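Trainee: Sequence unavailable; structure follows:
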């Protein structure tokens, strides 16, 4: 994985872990929960490259299962989910997937949102302090910068594409 993407992934993962640790009783996120894992997720060139790299390390059986799932299913769920709802590309999952579940704000004047399974009882999203709200615009800006640098390093890379297409083309 590109070291620039790894740093950003680690940052978002640490934020998620911090928020999940603080609000564990309000968050349903866990292994096999795939409520946020929908089809149509678009990834950047650098994220696509990370998924392709991960797939190259999978066993032949794992790759075949992933490609078959991506080619067969056209339902609402993500093409990278196995039958049990676990992500088959978890180590290289895109930033949008890493951030799902935590309270987030897309722009400064918009309300805080979270997965529909989280924060339904107890803490109101309006009560969550700013240090526990992911500013999606900031993460997106960082991803844009590293993706631009990656595309300069890899001029033939595809700008953006869906996870299903990344899997099928790998």
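Mentor: Right, received. Where do you want to start? Only a predicted model underlies this, so the values are computations on that prediction, with no experimental measurement involved.
Trainee: And the pLDDT at residue 117?
Mentor: Residue 117 carries a pLDDT value of 87.
Trainee: Please apply the same query to residue 140.
Mentor: pLDDT, residue 140: 92.
Trainee: Ok, residue 159 next?
Mentor: For residue 159, pLDDT reads 69.
Trainee: What residues sit buried inside the least confident helix or strand in the chain by mean pLDDT?
Mentor: Across the helices and strands of the chain, the lowest-confidence element by mean pLDDT, DSSP states H and E is strand 160-162, at a mean of 78. The neighbour-count check on strand 160-162 (16 or more other CB atoms under 10 Å) flags 161, 162 as buried. (Glycine included, C-beta is placed from N, CA and C.)
Trainee: Could you do stretch 87-106 as well?
Mentor: Counting neighbours by 16+ other CB under 10 Å, one finds that the buried residues in stretch 87-106 are 87-89, 92-105.
Trainee: Looking at those, which are in helices?
Mentor: 95, 96, 97, 98, 99 (DSSP state H).
Trainee: right, and the second one touches residue 38 too?
Mentor: No. If you go by CB atoms under 8 Å, residue 96 and residue 38 don't touch, sitting 10.2 Å apart.
Trainee: which helices and strands sit right next to the least confident helix or strand of the chain?
Mentor: strand 42-44, helix 45-57 (3 or more CB pairs under 8 Å, 6 or more residues apart in numbering; DSSP states H and E).
Trainee: Of all the residues in the first one, which ones are buried?
Mentor: Along strand 42-44, the positions that meet the burial threshold by neighbour count (16+ other CB under 10 Å) are 43, 44.
Trainee: Could you pull up the mean pLDDT of that strand?
Mentor: 90.
Trainee: hang on, the earlier thing: could you dump the ones in helices among the buried residues of stretch 87-106 to a markdown table with pLDDT?
Mentor: Shown next, in a markdown table, are those (pLDDT from 0 to 100):
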| residue | pLDDT |
| --- | --- |
| 95 | 93 |
| 96 | 90 |
| 97 | 91 |
| 98 | 93 |
| 99 | 90 |
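Trainee: do you know how far the nearest residue to residue 62 once chain neighbours are set aside is from residue 61?
Mentor: Distance criterion CB to CB, 6 or more residues apart in numbering; nearest residue to residue 62, sequence neighbours excluded, is residue 88 at 7.1 Å. From residue 88 across to residue 61, the span is 12 Å (CB to CB, to the nearest Å).
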